[in-house]
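Visitor: Sequence and predicted structure, then a few things I'm wondering about:
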Amino acid sequence: MRDSIHKLAMKLGNNPRVALIKMIQGGLIFVFGVLILMVADRVIAESLAQEIMALFGLILAGCGVLWTLVGYLSMSILRIYHMIKKKD
C-alpha cells in the first residue's frame, strides 16, 4: 500500500505542466456545474426536473473542486515530495 502511494506521488508530482492543466480543467468543470445550478434555479420551473438538474450541477461542481484539488496538490505538496524523494 505504501509503495503504491509512493509511486502515485512520484507520478503526479513529476510534471507541473500536467498539474496546471488539471487545475484549469477542474476550475472549468466547477464553473460549468455552478452554471447548471443557476440555470436550474432561474430558468426551469419548479418540478422534479429542476431538482434533478440542480443535483447534477452540484455533483459536477463537486467533481470540479476535487479535480482542482488534485491539480493543486500535484503542483505543490507532491512536487516537494518528488524533489525530496528523487533519487540522483
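Guide: Everything's here; your move.

Visitor: contacts and neighbour counts: CA atoms only from here.
Guide: Fine.

Visitor: got any ranges where the protein has weak pLDDT?
Guide: By pLDDT under 70, the low-scoring segments of the chain are 82, 87-88.

Visitor: Mind doing that once more with 80?
Guide: 1-15, 77-88 (pLDDT under 80).

Visitor: centroid residue for it?
Guide: By C-alpha atoms, centre = their mean, the chain has its centre lying nearest to Trp67, at 1.1 Å.

Visitor: how about it, what does it touch?
Guide: Contacts for Trp67 (C-alpha atoms under 8 Å, 6 or more residues apart in numbering) come out as 22-23, 25-26.

Visitor: what do you get if the cut-off is 10 Å, keeping everything else the same?
Guide: By C-alpha atoms under 10 Å, 6 or more residues apart in numbering, the contact list for Trp67 reads 19, 22-27, 29-30, 61, 73.

Visitor: How about Val31?
Guide: Residues near Val31 by C-alpha under 10 Å, 6+ apart: 25, 37, 57, 60-61, 64-65.

Visitor: so which of those would you say is closest to Lys86?
Guide: Distances from Lys86 to those, taken as C-alpha to C-alpha, are shortest for Gln25 (27.7 Å).

Visitor: how many neighbours does the closest one have?
Guide: 17 (other C-alpha atoms under 10 Å).

Visitor: again with the one 5 residues further on
Guide: Here the count is done by other C-alpha under 10 Å, and Phe30 has 24 residues near it.

Visitor: Now do it against Leu8, distance only.
Guide: Here Phe30 is placed at a distance of 25 Å from Leu8 (C-alpha to C-alpha, to the nearest Å).

Visitor: same question, Arg17
Guide: For Arg17, the distance to Leu8 equals 17 Å [C-alpha to C-alpha].
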